[in-house]
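Participant: Attaching a predicted model along with its sequence, questions to come.
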Amino acid sequence: MKARKSLAAAAVLAAGALVLTACSSGGSGSGSTGSSAAGGGKVTMTFWHNSTTGDGKAYWESTVKDFEAANPNVTINIQAIQNEDMDGKLQTALNSGDAPDIFMARGGGKLADVVAAGQAQDLTKSIDDATKKAVGDAAFSAFSVDGKVYGMPVAVLPGGIFYSKDLFTKAGITSTPKTMADLNDAVTKLKAAGIEPIALGAKDAWPAAHWFYFFSLRECSKDTMAAAAKSRSFNDPCWTKAGQDLQTFAATNPFNQGFLTTSAQQGAGSSAGLIANHKAAMELMGAWDPGVIASLTPDGKALPDLGWFPFPAVDGGKGDPAAMMGGVDGYSCSAKAPKECAQFLNFAMQKQYQEGYSKAFQTLPASKDAQSAVTDPALLDILKAYNNAPYVSVWLDTLFGQNVGNALNSGVVNMLAGKGDAAGIVKATNDAAAKG
């Protein structure tokens with residue numbers, strides 16, 4: 001609990017946190033074998049990431065190949081795991097004592113729990129000076145527990161609403177929504193034009209919960225959200241109000257038909273696929289979405305008309321309407337990983353590899369030195385809004401840890417499925433937090 005609370009205080013809602021300059025299978029098996037390469041022995045490591053297809057998968061294969069060429073005594077076996085399966089498989093591997101040496105981490109309470117269980121390696125003294133300077137303290141804070149760093153940030157991923165400019169034009173929408181009234185009006189116009197307004201992959205739970213997160217960001221004050229990050233108590237009325245906002249909005253039927261059984265990122269029928277193929281106009285998602293969408297377009301290229309706007313203001317909400325929510329993707333080393341694990345993470349943070357990461361995943365690199373490689377108009381709009389945000393919250397399921405986060409996400413889906421209400425979301429979350 002101490003580690004979790006310390007992380008929450010460090011990583012949540014810091015004014016200017018994670019601010020950026022303007023200018024996300026191979027082998028199997030886990031665990032490391034052999035002695036240190038410095039001693040002339042062979043070292044084999046396993047590496048789990050979440051890019052199973054396309055440019056992202058090719059990027060990691062190429063980066064690993066380059067590292068192995070520079071370190072001939074080191075072999076890295078890659079296992080690409082579908083994003084929605086990653087947390088469960090990783091937790092099982094960690095608990096079994098057969099964890100991969102290098103594994104994906106998202107910071108927040110999830111990482112704090114891993115650290116508290118003694119399953120992650122302290123990287124504080126292993127991060128080289130060039131990487132520290134390029135990334136900065138703010139991004140590292142998302143992977144810090146009790147003042148020590150347990151993960152390497154690779155991408156900064158604020159959220160908002162991605163949309164098709166062409167479908168907006170077809171529906172007669174001339175400007176992006178600034179308020180919920182504007183968003184409701186856009187939904188009405190899109191329906192009138194025969195276009196499904198919003199794609200939602202509720203089968204995976206967390207995309208549906210994003211709507212509750214952002215309503216909470218608008219309804220709850222900065223102080224209330226910061227207090228909940230420390231206490232993991234959700235008794236302020238703003239949390240229930242956020243759920244009611246979502247329930248009211250969902251009652252207008254803004255989401256794609258069959259959204260409860262729609263996945264987020266797998267195939268043309270996923271929520272990202274609906275955007276990629278102009279079957280729906282909007283999706284609330286993080287800054288990894290342009291890359292996912294590009295992988296699902298008919299030609300496998302970036303969607304030319306993809307735009308982005310911040311989550312709208314909520315009338316009467318106590319949160320700053322310019323506040324943002326997002327996360328930081330990164331990688332950690334298991335507790336038993338050899339020192340070559342940290343060496344690989346530093347290697348991958350060099351400017352050329354962070355630029356390559358940005359292009360392969362069409363997202364925002366954690367290294368400020370590589371951000372000049374960002375050219376996608378939607379991502380540039382995100383950067384501008386992010387840099388101007390008065391404060392930033394970490395994704396709530398990441399912040400509160402896996403058990404509380406899962407309860408929160410499930411509560412939202414239950415409500416959308418007609419099996420619960422806003423009070424049920426709060427109760428499920430509080431009950432999970434009470435169990436520790």
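Facilitator: That came through, no problem. Remember, predicted model here, so these are calculated numbers, not experimental data.

Participant: tally of neighbours for the nearest residue to residue 302 once chain neighbours are set aside?
Facilitator: Here the nearest residue to residue 302 in space, its sequence neighbours aside, is residue 294; by CB to CB, 6 or more residues apart in numbering that works out to 4.5 Å. For glycine as for every other residue, the C-beta is placed from the backbone atoms N, C-alpha and C. Look at residue 294: counted by other CB atoms under 10 Å, it has 21 neighbours.

Participant: Could I have the CA atoms of whichever strand or helix holds residue 272 written out in CSV?
Facilitator: Take DSSP states H and E as the rule and residue 272 turns out to sit in helix 271-276. The C-alpha trace of helix 271-276 is given here as CSV (Å, rounded to 0.1, in the frame of the first residue of the first chain):
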residue,chain,number,x,y,z
SER,A,271,-13.9,0.1,-33.0
ALA,A,272,-10.6,1.3,-34.6
GLY,A,273,-11.4,-0.7,-37.7
LEU,A,274,-14.8,1.1,-38.0
ILE,A,275,-12.9,4.4,-38.0
ALA,A,276,-10.3,3.1,-40.4
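
Participant: packing partners for it?
Facilitator: Contacts defined by 3 or more CB pairs under 8 Å, 6 or more residues apart in numbering; DSSP states H and E place helix 271-276 against strand 280-286, helix 289-295.

Participant: between these, which one is nearest to residue 367?
Facilitator: Ranking those by proximity to residue 367 (CB to CB) places helix 289-295 first, at 17.1 Å.

Participant: counting contacts, what elements does that closest one pack onto?
Facilitator: With contacts taken as 3+ CB pairs under 8 Å, 6+ apart, helix 289-295 sits against helix 54-70, strand 152-164, helix 271-276.

Participant: and the next element down the chain from the first one?
Facilitator: If I follow you right, that is helix 54-70. From helix 54-70 onward toward the C-terminus, using DSSP H and E, the following helix or strand is strand 74-80.

Participant: now the angle from the helix or strand following that next one to strand 74-80?
Facilitator: Counting by DSSP H and E, the element after strand 74-80 in chain order, helix or strand, is helix 83-96. Counting by axes from the mean of the first three to the mean of the last three CA atoms, to 10 degrees, helix 83-96 lies at 130 degrees to strand 74-80.

Participant: Off-centre distance for helix 83-96?
Facilitator: When distances are taken as CA atoms, centre = their mean, to the nearest Å, helix 83-96 is centred 16 Å away from the chain's centroid.

Participant: One more: stretch 122-142?
Facilitator: For stretch 122-142, the distance to the chain centre is 19 Å (CA atoms, centre = their mean).

Participant: Check what contacts it and list those residues.
Facilitator: 10-11, 14, 16-19, 107-108, 148-153, 156, 327-328, 330, 332-333, 339, 342-343, 345-346, 349-351, 354, 366-370, 394 (CB atoms under 8 Å, 6 or more residues apart in numbering).

Participant: Return the set of buried residues in it.
Facilitator: 123, 126, 127, 131, 134, 135, 136, 138, 139, 140, 141, 142 (16 or more other CB atoms under 10 Å).

Participant: Kindly report the same for stretch 47-54.
Facilitator: Buried, per 16+ other CB under 10 Å, within stretch 47-54: 47, 48, 49, 50, 51, 52, 54.

Participant: Tabulate those (a markdown table), appending pLDDT.
Facilitator: A markdown table is the format used below for the buried residues of stretch 47-54 (pLDDT from 0 to 100):
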| residue | pLDDT |
| --- | --- |
| 47 | 97 |
| 48 | 96 |
| 49 | 95 |
| 50 | 90 |
| 51 | 87 |
| 52 | 86 |
| 54 | 84 |
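
Participant: Would you mind pulling the contact partners of stretch 163-179?
Facilitator: If you take CB under 8 Å, 6+ apart as the criterion, stretch 163-179 is touched by 161, 182-183, 185-186, 189-190, 192-193, 195, 275, 278, 281-283, 303, 305-309, 312-315.

Participant: Noted, bye for now.
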